[in-house]
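Student: below is the sequence, then the predicted model.
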Amino acid sequence: MTNRSAEQAWETTASAIDYQCPGFDVRADDVALPDGTETDYHYVDESPAVVILPFISDTEIVTIREWRQAVGRTNRGLPAGSIEADEDIFAAARRELREETGYEAGSLEHLLTVEPTNGIANSVHHHFVAYGCTPASDQSLDFNETIDVEVESYIDFLSDVVDGQIRDGRAATAVMHYELTKK
């Protein structure tokens, strides 16, 4: 930690779960700020996750449409999900792709890791590109998932990200990073 980072660090004096639900907890930390002020800080505590940009060919990708209660609409995006306790990020990416879409990746490449909302959550998202995806099985969805799978043009999906028609931050991050670093 740099000197400036050490000067900015908060000291956690206590921590407890305020609320638990499937998928995440709400955690409350008692903290002491650098100037000595004592306060509390609440945030979403959740498992790390994977996000997959799955290519069937150079021009086609596998996408999903899923209801998102928090925003009250169907969301168009990419397969994603939590990493289980006993698996590495590559195994989780392969599993989530298969469970949500029924597709298997020929190869898998790590794209980037981000903290998408580190002001209010400890979320960590590991983004991947999957190449040579082929249909391999039926979906195996969680009890609270209703996901439609679509094969579509990558260029059309990219255009919809750029135009703001795709509002899913995970999908936009994966596509834009892919465009900046892999093309």
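Tutor: That came through, no problem. Note that the structure is predicted; figures quoted are calculated from it, not measured.
Student: for the rest of this, base every contact and every neighbour count on C-alpha atoms.
Tutor: Fine.
Student: domains of the protein?
Tutor: Recorded structural domains for the chain (assignment: automatic domain parsing) are 3-45, 49-181.
Student: in a markdown table, list the ones you listed along with mean neighbour count and mean pLDDT.
Tutor: Listed next are those as a markdown table, based on neighbours: other C-alpha atoms under 10 Å; pLDDT from 0 to 100:
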| stretch | mean neighbour count | mean pLDDT |
| --- | --- | --- |
| domain 3-45 | 13 | 93 |
| domain 49-181 | 17 | 95 |
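Student: centroid-nearest residue for this protein?
Tutor: With distances taken as C-alpha atoms, centre = their mean, the chain has residue 125 as the residue nearest its mean C-alpha position (4.4 Å).
Student: tell me where the protein has strands.
Tutor: Assigned strands in the chain, in chain order: 11-21, 24-32, 38-45, 49-54, 60-68, 73-77, 80-82, 103-104, 107-114, 125-131, 134-135, 147-153 (criterion: DSSP state E).
Student: take those strands and write them to TSV, including distance to residue 168.
Tutor: Compiled in TSV, those are given as follows (distance: least, C-alpha to C-alpha, whole Å):
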stretch	distance to residue 168
strand 11-21	22
strand 24-32	19
strand 38-45	19
strand 49-54	11
strand 60-68	10
strand 73-77	6
strand 80-82	11
strand 103-104	21
strand 107-114	15
strand 125-131	13
strand 134-135	24
strand 147-153	15
